[in-house]
Structure formats: structure tokens, C-alpha cells
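Chemist: would you be able to build a 3D model of this:
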Amino acid sequence: MERPTGVTILGVLAFIGAALLAMAAAGMLLVGGALLARMGARPLGVIGGLGAGFIAVVIVALAVLYAFIGNGLLKLQNWARVATIVLTGLGAAFNGIALLALLMHLRPFLFFREAVFVGIDVWIVVYLLQPQVKQAFGATGL
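Modeler: Numbering: from 1, shown residues only. Have a look, this model is predicted:
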């Protein structure tokens with residue numbers, strides 16, 4: 001079966017996300033290096049530099065995960081569809097919590113932005129659970 005257009009779009013977006021995360025990791029390494037160069041061996045400089053390095057490693061791991069998922073989506077591997085459903089569902093849940101917090105603080109612009117994010121996340125999950133999309137991945141269950 002041919003790959004659905006929506007799956008292609010999600011795969012390409014995953015690769016774009018991986019590239020942006022890789023750039024963010026490079027930026028964090030630059031910040032860490034600048035802190036070490038500026039502060040020298042002072043404790044705050046060392047802690048800041050190591051902290052930035054740790055954050056960069058975590059961001060690189062996320063970039064690799066996004067790249068694997070994007071590749072899996074483009075190759076119609078069901079594990080990538082399930083991983084996307086799970087991670088997007090988690091994103092919707094966390095954005096929903098942020099939505100409730102913004103509702104309590106009466107921040108209309110931020111509330112609207114989070115509502116859009118929740119809507120997009122829910123749409124992606126619903127799309128990946130459609131029968132024709134599941135069939136393209138050769139899935140019978142989730």
C-alpha cells in the first residue's frame with residue numbers, strides 16, 4: 001500500500017524537529033563553552049558548563065529519537081506509528097495541563113496557543129488511529 005500523505009508530512013516534520021534539536025544542542029555546547037571560558041575554573045563556571053553539556057546530551061538523544069521515528073514513519077514501520085501516538089499523547093496531556101494553568105491565570109494569548117497545540121496533538125493521534133492509516137502500516141491492533 002502507498003504511504004498516506006499525512007504520514008509523509010509527519011515523517012518530514014520529525015526530521016525537521018531532529019535538525020532543530022541538533023542545532024539547539026550545538027547552541028547549548030557553545031553556551032557551556034562560553035561559560036567555561038568566561039568563568040574559568042570558578043565553581044559556577046564549571047557547574048554551568050557541565051550543566052549545559054548535560055542538557056546538550058539530552059537534546060542530542062531527543063534529536064536521534066526524532067530522526068529514528070521520522071525514518072520509521074517514512075518506511076511505514078508500525079513501531080514508529082505507535083511511538084508517535086504515545087509521544088504525541090503525552091504532549092497533549094502536558095499541553096492540556098498547561099492549558100488549565102493558563103486558564104486559571106487568565107492569559108488569553110498563551111491559552112489560545114496551548115489550545116492550538118492540544119488540538120494539533122489530538123488530531124495527530126486521531127489521524128494515526130484511522131483504519132486506512134493503520135492498514136498502511138500493516139497494523140491490526142493499536
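Chemist: check which helices and strands the top helix by length along the chain sits against.
Modeler: When the chain is parsed with DSSP state H, its longest helix is helix 5-39. Under the contact criterion of 3 or more CB pairs under 8 Å, 6 or more residues apart in numbering; DSSP states H and E, helix 5-39 touches helix 43-74, helix 78-105, helix 108-128, helix 131-137. (Each C-beta comes from the backbone N, C-alpha and C, glycine too.)
Chemist: contacts only, for the spatially closest residue to Gly72 that is not a sequence neighbour.
Modeler: Distance criterion CB to CB, 6 or more residues apart in numbering; nearest residue to Gly72, sequence neighbours excluded, is Ala80 at 2.6 Å. Each residue near Ala80 by CB atoms under 8 Å, 6 or more residues apart in numbering is listed here: 68-73.
Chemist: re the thing from before, can I get the helices and strands packed on helix 5-39 in a markdown table with mean pLDDT and distance to Ala14?
Modeler: Shown next, in a markdown table, are those (pLDDT from 0 to 100; distance: least, CB to CB, whole Å):
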| stretch | mean pLDDT | distance to Ala14 |
| --- | --- | --- |
| helix 43-74 | 91 | 3 |
| helix 78-105 | 90 | 8 |
| helix 108-128 | 91 | 11 |
| helix 131-137 | 91 | 15 |
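Chemist: select, out of the ones you listed, the one closest to Pro4.
Modeler: helix 131-137 (5.5 Å; CB to CB).
Chemist: which of the residues in the closest one are buried?
Modeler: Neighbour counts using 16 or more other CB atoms under 10 Å place 133-134, 136-137 of helix 131-137 among the buried residues.
Chemist: does Leu74 touch Ile9 like I think?
Modeler: No: assessed by CB atoms under 8 Å, Leu74 is found out of contact with Ile9, at 10.5 Å.
Chemist: more neighbours: which of these two?
Modeler: Legend: neighbour count by other CB atoms under 10 Å for Leu74 and Ile9, higher for Leu74 (17 against 12).
Chemist: for that one, which non-adjacent residue is closest in space?
Modeler: Of all residues not flanking Leu74 in the chain, Gly11 sits nearest, at 4.1 Å (CB to CB, 6+ apart).
Chemist: so the one you found sits against Gly70, correct?
Modeler: Yes: counting by CB under 8 Å, Gly11 does reach Gly70; the two are 4.7 Å apart.
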